[in-house]
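Visitor: Based on what follows, work out the 3D shape:
(one chain, ligands or ions: 1)
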Amino acid sequence: MRKAMAEAEVGDDVLDGDPTVSQLEARACDWLGKEAALFVPSGTMANQIAIGVWTSPGDEIIVESSCHVLSYESGAIGALHGVQTRTLDGVRGALDPKAVAAAIRPDFVHCPPTSLICLEQTHMSSGGSVLPMECFEGVAAVGKDAGVPVHLDGARLAHATTASGLAAPLWTQHVASVSLCLSKGLGAPVGSVLAGDADFIERARRIRKRLGGWMRQSGVLAAPALLALGDGPDGGLAGIAPSHALAQDVAKALDAYSFLSADPGQVETNLVLCRVEVTDRTLGGAPELAERLTAAGVRVMALSPDTLRFVTHRDLNSTHVALLESTLVDLLGGA
Ligand SMILES: Cc1ncc(COP(=O)(O)O)c(C=O)c1O
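Guide: The predicted structure follows:
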């Protein structure tokens with residue numbers, strides 16, 4: 001990827017275009033099965049641009065209650081767009097289409113107009129769960145009936161395509177817009193893409209400008225991102241399945257401890273959630289254990305006071321799982 005960055009043909013994506021960015025956007029359209037795409041600096045910006053396109057101040061959007069756009073984008077829905085959220089609890093991130101239908105506001109002067117429904121695939125706070133296709137079909141049908149578009153936060157959509165064996169367009173046919181992170185499991189250093197129809201992307205382009213998200217010689221970033229979306233043996237997509245197998249091993253290593261709980265049966269992709277019971281051996285909850293593990297060389301995030309989130313990716317292998325196991329023994333004693 002460093003070599004591709006050095007050798008990238010660049011232009012000016014703000015003026016008359018950057019050839020490598022155009023190539024990446026074409027590749028993203030192809031992979032996602034959408035008409036047009038836009039390269040943006042981050043997944044957060046991709047999602048927030050989509051929300052900006054589909055809504056006006058005073059609108060309401062329907063989101064799952066622990067989703068990323070609501071919980072981890074620093075209040076952007078309200079701060080940037082003046083939009084309020086209607087939250088619904090999901091089952092491992094999946095919304096019940098009937099509950100979505102019931103949450104769509106009537107066309108009544110007292111109510112905020114419902115202008116968007118959001119889904120997240122895979123669902124981060126449920127530990128990378130893959131939403132079932134029935135959820136996509138059902139929510140899309142409800143949205144279509146009510147004239148409300150669906151946006152997919154597909155930050156880890158590639159993990160869902162690998163885990164399910166269903167190509168991205170089979171999922172994205174049910175949504176009007178989709179974001180995809182190139183810098184997570186796919187391994188690019190920077191960037192996400194946002195995709196939809198040509199009209200959506202034209203409107204998205206204006207909001208990207210408004211947020212300061214357009215970049216000039218961004219071919220240096222698009223070149224590694226093209227490798228990330230590559231489907232050859234060295235492409236980013238090939239790294240996804242091994243990262244899922246590794247996540248199983250991580251879950252088993254953690255679950256061996258009576259006071260740690262990371263059921264491998266719940267691990268569908270590359271995220272492992274581990275509940276931490278406070279004991280004399282953990283010396284605290286998830287934040288304290290995350291700090292000790294990180295200091296010992298195993299970088300992990302505490303998602304809440306009792307939950308650690310481990311992430312596997314293409315640059316890890318079994319030696320890293322062995323390092324986790326030996327670090328656990330050092331810090332906690334044997335299982
Ligand atoms: C589900 C989901 N959506 C969006 C994002 C945002 O991506 P970024 O960190 O590139 O802004 C993340 C990041 O962790 C995520 O997990």
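
Visitor: And for the closest residue to R105 other than its chain neighbours, the neighbour number?
Guide: What sits nearest to R105 in space, not counting adjacent residues and going by C-beta to C-beta, 6 or more residues apart in numbering, is C111, at 4.1 Å. (Glycine included, C-beta is placed from N, CA and C.) Other residues lying near C111 total 11 when counted by other C-beta atoms under 10 Å.

Visitor: Are we agreed that C111 is in a strand?
Guide: No: inclusion of C111 in a strand is not indicated when DSSP: H, G, I helix; E, B strand; the rest coil is applied; the result is coil.

Visitor: That one reaches A103, doesn't it?
Guide: No: with the criterion set as C-beta atoms under 8 Å, C111 and A103 do not qualify as a contacting pair; they are 11.3 Å apart.

Visitor: how close does D231 sit to A222?
Guide: Using C-beta to C-beta, to the nearest Å, one gets 17 Å for the distance from D231 to A222.

Visitor: G75 now?
Guide: In this structure, G75 and A222 are separated by 30 Å, where distance is defined by C-beta to C-beta.

Visitor: more crowded one of these two?
Guide: Legend: neighbour count by other C-beta under 10 Å for G75 and A222, higher for A222 (32 against 9).

Visitor: Against the ligand, how distant is the more buried one?
Guide: 15 Å (C-beta to the nearest ligand atom, to the nearest Å).

Visitor: Correct me if wrong: that residue contacts L24.
Guide: Yes: the pair A222 and L24 passes the contact test of C-beta under 8 Å, sitting 4.0 Å apart.

Visitor: what's the overlap in contacts for those two?
Guide: Where contact means C-beta atoms under 8 Å, 6 or more residues apart in numbering, the residues bridging A222 and L24 through contact with each are F39.

Visitor: give me every residue that touches the residue of the stretch 1-150 of the chain found nearest the ligand.
Guide: Each residue of the stretch 1-150 of the chain has a distance to the ligand, by C-beta to the nearest ligand atom, and the smallest belongs to G43, at 2.5 Å. G43 sits next to 68, 153, 155, 179, 181, 183-184, 192 when contact means C-beta under 8 Å, 6+ apart.

Visitor: Close to the ligand as well: tell me which of those residues qualify.
Guide: Residues of these in contact with the ligand (C-beta under 6 Å from any ligand atom): 68, 153, 155, 181, 183, 192.

Visitor: wait, the fourth one sits on S192?
Guide: Spelled out, that is C181. Yes: shown here, C181 and S192 form a contact pair, counting by C-beta under 8 Å, at 4.8 Å.

Visitor: contacting residues for G93?
Guide: The neighbours of G93, taking C-beta under 8 Å, 6+ apart as the test, are 64, 66-67, 120-123, 125-126, 129, 131.

Visitor: Which residue, other than its chain neighbours, is closest to it?
Guide: Closest residue to G93 in three dimensions, ignoring its sequence neighbours and counting by C-beta to C-beta, 6+ apart: H123, at 2.5 Å.

Visitor: Kindly report the same for A241.
Guide: T162 (5.3 Å).

Visitor: that's a helix at that neighbour, yeah?
Guide: Yes: secondary structure assignment (three-state DSSP) places T162 inside a helix.

Visitor: before we move on, the earlier item: how about the contacts made by the residue nearest to G93?
Guide: Counting by C-beta under 8 Å, 6+ apart, H123 touches 64, 67, 90, 92-94, 129, 131.

Visitor: Generate a ChimeraX selection restricted to the buried entries among those residues.
Guide: Selection of the buried residues among the contacts of H123 in ChimeraX, burial being defined by 16 or more other C-beta atoms under 10 Å:
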select :64,67,90,92,93,94,129,131
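
Visitor: Looking at the contacts of H123, which is nearest Q48?
Guide: The closest of the contacts of H123 to Q48 turns out to be C67 (C-beta to C-beta; 13.2 Å).

Visitor: quick one on the thing from earlier: with distance to the ligand and pLDDT as extra columns, can I get the contacts of G93 in CSV?
Guide: CSV is the format used below for those (distance: C-beta to the nearest ligand atom, whole Å; pLDDT from 0 to 100):
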residue, distance to the ligand, pLDDT
E64, 11, 98
S66, 11, 97
C67, 7, 98
E120, 5, 98
Q121, 8, 98
T122, 8, 98
H123, 7, 98
S125, 8, 97
S126, 10, 97
S129, 11, 98
L131, 12, 98
